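Asker: Need a 3D model of the following:
(one chain, ligands or ions: 2)
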Amino acid sequence: MSAKATGKLRSRAWFDNADNIDMTALYLERYLNFGLSLDELRSGRPIIGIAQTGSDLSPCNRHHLVLAERLREGIREAGGIALEFPVHPIQETGKRPTAGLDRNLAYLGLVEVLYGYPLDGVVLTIGCDKTTPAALMAAATVNIPAIALSVGPMLNGWHKGERTGSGTIVWKARQLLAAGEIDDSEFIRMVASSAPSTGYCNTMGTATTMNSLAEALGMSLPASAAIPAPYRDRQECAYRTGRRIVEMVAEDMKPSDILTKDAFHNAIVVNSAIGGSTNAPIHLCAIARHIGVELPLKDWETEGHHVPLLVNMQPAGEYLGEDYYRAGGVPAVVNQLMTQGLIRESAMNANGRTIGDNCRGVAIEDEKVIRPFDTPLLADAGFLVLSGNLFDAAIMKTSVIGPEFRERYLSNPDDPEAFEGPAIVFDGPEDYHARIDDPAFGITPETLMFMRGAGPIGYPGAAEVVNMRPPSYLITEGIHALPCIGDGRQSGTSGSPSILNASPEAAAMGGLALLNTGDRVRIDLNKATVDVLISTEELAARRTALVAKGGYAYPASQTPWQEIQRAVVGQMDTGAILEGAEKYQRIAQT
Ligand code: FES
Ligand code: MG
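Answerer: Ligands and ions are numbered 1, 2, ... in the order given. Predicted coordinates:
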């Protein structure tokens, strides 16, 4: 039962339960032992959790250790008692084999904490890629009042007078290194220049995307997502977030009041306008499933593809996080979309007002960084959802198709949106790294590069490896990108127009498992299809042969969690969640 319905806080069941004085005493005595008083715990003041995702192992979110002080002040001042606790660390760039593996683990851990401890509400500290969906997924499942606080992006990076953006500079520096234009130490210097301060990736990678979408969904305060981590505004935002969660508990405003179908629709539209990451459909689907909202993958195309790109941020554009904030951040983007009727304005924000009321009339402060709707960077900037005989669903971020790619593959006057070529198939990133630069392979500008064995089961958690650079001998000839298709993910900081998140993956015996190097594959962006040009009979025969061999082979699990995740994880087109977890919804109310 909710606090509003009973007039009683959830935490009273632990700290003030006359029916069970025995356990009440036990719960109380241990929460007193660091100096909290009986009076504080039994005063009827809400107990607010601070789900701390920052740590030395999670540098992108580490600044939350500092922000937590201002959060606590806000919570205390509004009448709450703060209890901070750690969330399983997820560092996108530091975790082996992939941080993707840890999203569902952090989710599981956070569900147990939110459900099993005396918390009336929670502040979710979000930032680095997977920390945001993990926290929102858990809040959705448990459904106690929850608000997200972003840590904010790093300051802009600079190298030789140019902005260097997280991740995006890595792809560029790798090409320079492969072409022999820079040495190893310059490579490291270039990459490190993109990280000048505390905070998360300053590009429109998965972190900026997911923090922007948390705001678009209504789960964080308006105008909060884009504030750079070191800015004073970020501290103030922490304070206001702390104050607000206490009010939310009093109002009994829960994730289910915010995360409606309209909210997800708004997030999809915003994602197109900001040039958001290809990881967003996976994570939003996962959050939607845990709150019980239908969000088919095709919605990303039907509701999002026709939306133009307004935010000029790397990798699709030029600018970085500080510029995005100064130009107006999410509310300025939403206001542009509202002028076209693209936003469902009655969706609620955690601040208790609608997104329409929060964002109406918010001006763009710098039109180089956020474009007005009628002069976008690009039309139709959302994702395409593709299918064919190699997979049932995959997505493509068309906003990052550059001129070189367009000229080479999409400019045949008879067939402008389609191309075909011979496949080269890599089984996992290690196979790719071992073979890519071997000229004996005969990779040409016509080759289509396939990555398989990189999905939620095959490379447990799904690796960000589908965007593959061409062999160095082609880069020196001026070929900077070949078409890439695969069952893994791609970093949101990558500017490659890959076809990725293919579901079902090879390890689940999707069609990619049947592909051979040398097969011709046709890609038609107009029809949104990818097909290997061999007969249905031949494909069926290959499937029979592969099943007889025991199926598509992938490396053994290295840890217990890898084995558990592989046994119960779903595919990326349905959010790659732990399938058995979906039925546990709104459990704090039961
Ligand atoms: Fe953490 Fe990009 S690596 S936000
Ligand atoms: Mg990433």
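
Asker: can you give me the strands in the protein?
Answerer: 47-52, 81-86, 121-126, 146-150, 157-159, 162-164, 383-386, 393-397, 418-427, 448-452, 484-486, 499-503, 520-524, 529-532 (DSSP state E).

Asker: what would these look like in CSV with mean neighbour count?
Answerer: C-beta here means a position set from N, CA and C on the backbone, and glycine is covered the same way. As requested, the strands of the chain are exported to CSV (neighbours: other Cβ atoms under 10 Å):
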stretch, mean neighbour count
strand 47-52, 26
strand 81-86, 17
strand 121-126, 30
strand 146-150, 31
strand 157-159, 18
strand 162-164, 19
strand 383-386, 22
strand 393-397, 26
strand 418-427, 20
strand 448-452, 28
strand 484-486, 27
strand 499-503, 29
strand 520-524, 18
strand 529-532, 20
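
Asker: just so I know, which of those strands lies nearest residue 178?
Answerer: With respect to residue 178, and counting by Cβ to Cβ, the nearest of the strands of the chain is strand 448-452 at 15.0 Å.

Asker: Can you give the strand pairings for that closest one, parallel or anti for each?
Answerer: Applying DSSP bridges, strand 448-452 is found paired with strand 418-427 (parallel), strand 484-486 (parallel).

Asker: My guess is residue 334 contacts residue 361. True?
Answerer: No. Applying Cβ atoms under 8 Å as the test, residue 334 and residue 361 come out as separate, 10.8 Å apart.

Asker: about what we covered before: may I see the strands paired with strand 448-452 organised as a markdown table, with mean pLDDT and distance to ligand 1 added?
Answerer: A markdown table is the format used below for these (pLDDT from 0 to 100; distance: least, Cβ to the nearest ligand atom, whole Å):
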| stretch | mean pLDDT | distance to ligand 1 |
| --- | --- | --- |
| strand 418-427 | 97 | 24 |
| strand 484-486 | 96 | 21 |
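
Asker: for those strands, which one sits closest to residue 132?
Answerer: Comparison of these against residue 132 by Cβ to Cβ identifies strand 484-486 as nearest, at 23.8 Å.

Asker: contact partners of the closest one?
Answerer: 390, 394, 448-452, 454, 465-468, 496, 498-500, 502, 512, 521, 523, 530 (Cβ atoms under 8 Å, 6 or more residues apart in numbering).

Asker: rerun that using 6 Å as the cut-off
Answerer: 449, 450, 451, 454, 466, 467, 468, 498, 499, 500 (Cβ atoms under 6 Å, 6 or more residues apart in numbering).

Asker: pLDDT at residue 400, what is it?
Answerer: If you check residue 400, the pLDDT there is 77.

Asker: So it is in contact with residue 316, correct?
Answerer: Yes. Applying Cβ atoms under 6 Å, one finds residue 400 in contact with residue 316, separated by 5.3 Å.

Asker: The stretch 401-550 of the chain: helices as residue ranges?
Answerer: 403-409, 429-435, 472-475, 536-548 (DSSP state H, counting those that start in this stretch).

Asker: can you tell which of these is closest to residue 303?
Answerer: helix 403-409 (24.8 Å).

Asker: Could you pull out the buried residues of the closest one?
Answerer: Within helix 403-409, the residues scored as buried using 16 or more other Cβ atoms under 10 Å are 405, 408, 409.

Asker: dump the residue contacts of residue 205.
Answerer: 167, 277, 492, 493.

Asker: Put together a markdown table for the residues you listed, with neighbour count and distance to ligand 1 on each row.
Answerer: Formatted as a markdown table, those follow (neighbours: other Cβ atoms under 10 Å; distance: Cβ to the nearest ligand atom, whole Å):
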| residue | neighbour count | distance to ligand 1 |
| --- | --- | --- |
| 167 | 25 | 7 |
| 277 | 31 | 10 |
| 492 | 28 | 8 |
| 493 | 28 | 7 |
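
Asker: Show me the two of the residues you listed that sit farthest apart.
Answerer: By the measure Cβ to Cβ, 167 and 277 form the most distant pair in those, at 10.3 Å.

Asker: Run a quick neighbour tally on the residue of the stretch 151-300 of the chain found nearest ligand 2.
Answerer: The nearest approach of the stretch 151-300 of the chain to ligand 2 comes at residue 206, 4.6 Å away (Cβ to the ion). The number of residues packed near residue 206 is 31, by other Cβ atoms under 10 Å.

Asker: Please apply the same query to the one 3 residues further on.
Answerer: Residues within reach of residue 209, counting by other Cβ under 10 Å, total 27.

Asker: Name the surrounding residues that touch the longest helix anywhere in the chain.
Answerer: Longest helix in the chain by number of residues (criterion: DSSP state H): helix 232-251. Contacts to helix 232-251, defined as Cβ under 6 Å, 6+ apart, come from residues 46, 48, 67, 70-71, 73-75, 78-80, 120-121, 123, 145, 147, 149, 152, 221, 224, 227.

Asker: Stretch 167-178 too?
Answerer: Contacts for stretch 167-178 (Cβ under 6 Å, 6+ apart): 182, 187, 190-191, 194, 201, 203, 205, 314-315, 472, 475, 491, 493-494.

Asker: Ligand 2 contacts on the stretch 351-500 of the chain?
Answerer: residue 491 (Cβ under 5 Å from the ion).

Asker: Show me the shaky parts of the stretch 351-500 of the chain.
Answerer: Low-confidence segments of the stretch 351-500 of the chain (pLDDT under 70): 495.

Asker: which parts of the longest helix of the chain are buried?
Answerer: Applying 16+ other Cβ under 10 Å to helix 232-251 flags 234-235, 237-250 as buried.

Asker: mind listing which of the contacts of helix 232-251 are in helices?
Answerer: Going by DSSP H, the helices hold 67, 70, 71, 73, 74, 75 from the contacts of helix 232-251.

Asker: Please tell me the pLDDT value assigned to the second one.
Answerer: With respect to pLDDT, residue 70 has a value of 98.

Asker: burial count for it?
Answerer: 19.

Asker: same check, this time on the third one
Answerer: Residue 71: 28 surrounding residues under other Cβ under 10 Å.
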